[in-house]
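In: structural data only, the sequence is not supplied:
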């Protein structure tokens, strides 16, 4: 029997016609090639090569052997090609979901890194509300969902994703825009734009006020945080929003003010319980976690023009 290494070396000698040429092709030492060929011929009991005009050519006895070696080598090359394409994502699909607050800035940054790692991977991204995310996972429509709310469900598993903060956003020409920070009590005195407090994401915002016995009077309700930001930019009020929605100056035209009480905004990765993630989904989660942990996403007012 010949090992794959012996096949590789014998073919290299056949292609180049010399021991030195085979050594250069395989990036190894010539003496090592020579020793392996002598051992191989001794094991087989016949010569693989004859020397003619200073070159090594397949012997008559080995003519059929090399026909098979070429066939084996072609199959190995086919296997290597398939493996490289699979590692690059060819013929594979990544199905992921995200709540809107994470999908606006963070998911695209993570997907950019996924694409660089797996250039041939087909990627499907769904923007989901909480109630949609449950069915999305349980029905097997996707592997993971990036979420801003953790719930108790026996068929779902939640892992911490990243921790951020909540901020107040105001129009650039608003009297509060000159402030360096603001308290929850001061926010509550102004017309507010926000998400319905009965929505899990909206409840996170309203808890800042509820926990302090403050009124959370929303004058304009919107379904998504990005819509809230656009309404604030239009000068229609102020709002509380999470840092991931407004990261990297995603909404120029609004002033971002830290809230004195420094409320925390936690995020999670949800998946179907008892399932193992594909390497593509695992990479996405890792990249997303790293991007969301990156410092300097929200610049303080003093750092803005």
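Out: Right, received. Where do you want to start? Source: prediction; values computed, not measured.
In: which residues in the stretch 201-305 of the chain form strands?
Out: Taking DSSP state E, counting those that start in this stretch, the strands of the stretch 201-305 of the chain run over residues 218-222, 239-242, 254-258, 264-272.
In: who touches the longest one?
Out: Pointing back at strand 264-272 there. Contact partners of strand 264-272, identified using C-beta atoms under 8 Å, 6 or more residues apart in numbering, comprise 102, 133, 137-138, 140, 143-150, 155-166, 204, 242-244, 277, 285, 288-289, 292. (Each C-beta comes from the backbone N, C-alpha and C, glycine too.)
In: quick check on those: which are buried?
Out: Buried residues within those, counting neighbours by 16 or more other C-beta atoms under 10 Å: 102, 133, 137, 143-150, 156-158, 161-162, 164, 166, 204, 242-244, 285, 288-289, 292.
In: quick one on the thing from earlier: mind listing which of the contacts of strand 264-272 are in strands?
Out: 144-147, 156-166, 242 (DSSP state E).
In: tell me the one among those residues nearest to residue 191.
Out: residue 166 (18.3 Å; C-beta to C-beta).
In: quick one: residues contacting the nearest residue to the closest one once chain neighbours are set aside.
Out: Spatial nearest neighbour of residue 166, chain neighbours left out: residue 263 (4.3 Å); criterion: C-beta to C-beta, 6 or more residues apart in numbering. Contacts here follow C-beta under 8 Å, 6+ apart; on that basis residue 263 touches 165, 166, 207, 208.
In: which of those residues sit farthest apart?
Out: Once C-beta to C-beta is applied, these give 165 and 207 as the farthest pair, at 13.6 Å.
In: tally up the residues packed near residue 35, please.
Out: Using other C-beta atoms under 10 Å, the number of residues around residue 35 comes to 11.
In: show the average pLDDT along the helix or strand hosting it.
Out: Per DSSP states H and E: residue 35 is located in helix 30-44. For helix 30-44, mean pLDDT is 90.
In: ok, and for it, which residues are buried?
Out: Neighbour-count burial for helix 30-44 flags 33, 34, 36, 37, 40, 41 (criterion: 16+ other C-beta under 10 Å).
In: distance to residue 193 added to those, as CSV?
Out: Below are these laid out as CSV (distance: C-beta to C-beta, whole Å):
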residue, distance to residue 193
33, 74
34, 79
36, 75
37, 78
40, 78
41, 83
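In: residue 298 and residue 246, how far apart?
Out: Taking C-beta to C-beta, to the nearest Å as the measure, residue 298 falls 6 Å from residue 246.
In: give me the common contacts of the two.
Out: By C-beta under 8 Å, 6+ apart, residue 298 and residue 246 have these common neighbours: 167, 256.
In: of these two, which one has the most company?
Out: Ranked by neighbour count (other C-beta under 10 Å), residue 298 and residue 246 place residue 246 first, with 24 against 20.
In: now do the more buried one, the pLDDT please.
Out: We have a pLDDT of 94 for residue 246.
In: list the residues that contact it.
Out: Contacts for residue 246 (C-beta under 8 Å, 6+ apart) come out as 105, 167, 169, 229, 254, 256, 298.
In: please apply the same query to residue 165.
Out: Residue 165 makes contacts with 242, 243, 258, 259, 262, 263, 264, 265, 298, as judged by C-beta under 8 Å, 6+ apart.
In: remind me which residues of the stretch 51-200 of the chain are low pLDDT?
Out: Scanning the stretch 51-200 of the chain for pLDDT under 70 picks out 78, 81-83, 85-91.
In: that older thread, of the contacts of residue 246, buried ones?
Out: Neighbour-count burial (16+ other C-beta under 10 Å) is assigned, among those, to 105, 167, 169, 229, 254, 256, 298.
In: can you add distance to residue 176 and give those back as CSV?
Out: Shown next, in CSV, are the buried ones among the contacts of residue 246 (distance: C-beta to C-beta, whole Å):
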residue, distance to residue 176
105, 24
167, 12
169, 10
229, 16
254, 11
256, 11
298, 16
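In: of those residues, closest to residue 7?
Out: residue 105 (51.8 Å).
In: quick one: residue 22 and residue 33, what's the gap?
Out: Distance of residue 22 to residue 33, computed by C-beta to C-beta: 5 Å.
In: next one: residue 50
Out: 17 Å.
In: swap in residue 280?
Out: Counting by C-beta to C-beta, the gap from residue 280 to residue 33 is 40 Å.
In: can you check residue 286 too?
Out: Note on residue 286: its distance to residue 33, by C-beta to C-beta, is 42 Å.
In: do the same with residue 20
Out: Relative to residue 33, residue 20 is positioned 8 Å away (C-beta to C-beta).
In: could you do residue 210 as well?
Out: Going from residue 210 to residue 33 by C-beta to C-beta gives 77 Å.
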